[in-house]
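Visitor: The following block contains a protein sequence and its predicted model.
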Amino acid sequence: MIFIYSPHTPHPTPHTPHPTPHTPHPTPHTPHPTPHTHTPHPTPHTPHPTPHTPLANSCKPEIVH
């Protein structure tokens, strides 16, 4: 029996890296053009015009210790 030796030949076309590498996004993120500005309430709270006056005739007797 005759065996013909056929040596292994490497792949003719080796792997080449990707021709177009990744480039970052051309338009980077820009912050919001109109930032939120808090404006206070135009009419602030005013206290009650008639303050509480104590009861004139109190029924509770004063306890003295």
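Guide: Great, that's in hand. What you see is a predicted model, and the numbers here were worked out from it, not measured in a lab.

Visitor: What is the neighbour count of Ile4?
Guide: Ile4 has 4 neighbours, counted by other Cβ atoms under 10 Å. (C-beta placed from N, C-alpha, C; glycine too.)

Visitor: Distance of it relative to Thr23?
Guide: To Thr23, Ile4 is 52 Å away according to Cβ to Cβ, to the nearest Å.

Visitor: and if you look at His15?
Guide: As judged by Cβ to Cβ, His15 and Thr23 stand 22 Å apart.

Visitor: and Thr37, how many neighbours?
Guide: 5.

Visitor: per-residue confidence for it?
Guide: Thr37 carries a pLDDT value of 75.

Visitor: same deal with Ser58?
Guide: Ser58 carries a pLDDT value of 60.

Visitor: Same check on the one 4 residues further on?
Guide: In this prediction, Glu62 carries a pLDDT score of 69.

Visitor: All the strands of the chain, residue numbers only.
Guide: For the chain, strands defined by DSSP state E do not occur.

Visitor: Which residue lies nearest the spatial centre of the protein?
Guide: Pro31 (12.5 Å; Cα atoms, centre = their mean).

Visitor: And stretch 7-15, what's buried?
Guide: In terms of neighbour count (16 or more other Cβ atoms under 10 Å), stretch 7-15 has no buried residues at all.

Visitor: going forward, begin numbering at 53 instead of 1
Guide: All set: I'll call the first residue 53, so the last point we hit is now stretch 59-67.

Visitor: Run the chain-centre distance for that stretch.
Guide: The chain centre lies 53 Å from the centre of stretch 59-67; the measure is Cα atoms, centre = their mean, to the nearest Å.

Visitor: same question, stretch 60-80
Guide: From the chain centre to the centre of stretch 60-80 is a distance of 36 Å (Cα atoms, centre = their mean).

Visitor: got the CA positions of that stretch in PDB?
Guide: Provided in PDB are the C-alpha atoms of stretch 60-80 (Å, rounded to 0.1, in the frame of the first residue of the first chain):
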ATOM      1  CA  HIS A  60      -1.300  20.500   5.700                       C
ATOM      2  CA  THR A  61      -1.400  23.900   4.000                       C
ATOM      3  CA  PRO A  62      -2.600  26.800   6.000                       C
ATOM      4  CA  HIS A  63      -5.700  28.800   4.900                       C
ATOM      5  CA  PRO A  64      -4.800  30.900   1.900                       C
ATOM      6  CA  THR A  65      -6.700  34.000   3.100                       C
ATOM      7  CA  PRO A  66      -5.800  34.800   6.600                       C
ATOM      8  CA  HIS A  67      -8.200  36.800   8.800                       C
ATOM      9  CA  THR A  68      -7.900  40.500   8.300                       C
ATOM     10  CA  PRO A  69      -9.400  42.900  10.900                       C
ATOM     11  CA  HIS A  70     -12.500  44.900  10.100                       C
ATOM     12  CA  PRO A  71     -11.500  47.700   7.700                       C
ATOM     13  CA  THR A  72     -13.800  50.300   9.300                       C
ATOM     14  CA  PRO A  73     -13.100  50.600  13.000                       C
ATOM     15  CA  HIS A  74     -15.800  51.900  15.400                       C
ATOM     16  CA  THR A  75     -15.900  55.700  15.500                       C
ATOM     17  CA  PRO A  76     -17.800  57.400  18.400                       C
ATOM     18  CA  HIS A  77     -21.100  59.100  17.800                       C
ATOM     19  CA  PRO A  78     -20.600  62.300  15.800                       C
ATOM     20  CA  THR A  79     -23.200  64.300  17.800                       C
ATOM     21  CA  PRO A  80     -22.500  64.100  21.500                       C
END
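
Visitor: Having no further points to raise, I will conclude here.
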